[in-house]
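In: Here is my input, please return the structure:
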Amino acid sequence: MPGDVRVFAGLAAQVKISAGSADGVLVVPITAVEGGAESGVVWKVVNGERTEQPVKLGLTDGTNVEVLEGLAEGDSILQFVPGAPGSVAQEGCVSMGDGSMVCGTLAR
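Out: Here you go, the predicted structure:
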């Protein structure tokens, strides 16, 4: 903060704190993951069959989450955890028309 700026109680401010960044990583919408901060489960679709796939998670921006292990680029997953409320499609993912989607590598 510049030395000539006076600060006093009640003064409002907006602060952004970066917790990290990653480039060229595999990300999926957080709506597709059921779990916690470091690990979770996605619903992978292979040959029309849906199965739970454990994943190791990394950084998140609140919309997308980095997948460190458990999925590969081009894997087909359900966009929403079954039984969870849904929202609109996420950037970088393509709907397959059967409730599943394919997500690719995004630069963050």
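In: Tell me which helix or strand the residue nearest to Ile77 when sequence neighbours are not counted sits in.
Out: Closest residue to Ile77 apart from its sequence neighbours, by Cβ to Cβ, 6 or more residues apart in numbering: Val42 at 4.8 Å. Backbone N, C-alpha and C define where each C-beta goes, glycine included. Assigned by DSSP states H and E, Val42 belongs to strand 39-46.
In: Report the buried residues of that strand.
Out: Gly40, Val41, Val42, Trp43, Lys44, Val45 (16 or more other Cβ atoms under 10 Å).
In: Please apply the same query to stretch 60-75.
Out: Asn64, Val65, Glu66, Val67, Leu68, Gly70, Leu71, Asp75.
In: ok, and what's touching stretch 50-58?
Out: Applying Cβ atoms under 8 Å, 6 or more residues apart in numbering, the contact partners of stretch 50-58 are 22, 25, 33, 35-44, 65-71, 77-78, 100.
In: mind listing the strands for this protein?
Out: Along the chain, counting by DSSP state E, strands occupy 25-29, 34-35, 39-46, 49-60, 64-69, 76-78, 93-95, 100-103, 105-106.
In: So what's the gap between the third one and the chain middle?
Out: What that stands for is strand 39-46. Taking Cα atoms, centre = their mean, to the nearest Å, one finds strand 39-46 lying 13 Å from the centre of the chain it belongs to.
In: Tell me what angle that strand forms with strand 25-29.
Out: Between strand 39-46 and strand 25-29, the angle comes out at 90 degrees (axes from the mean of the first three to the mean of the last three Cα atoms, to 10 degrees).
In: how much space between the residue nearest to Ile77 and Glu49?
Out: Using Cβ to Cβ, to the nearest Å, one obtains 14 Å as the distance from Val42 to Glu49.
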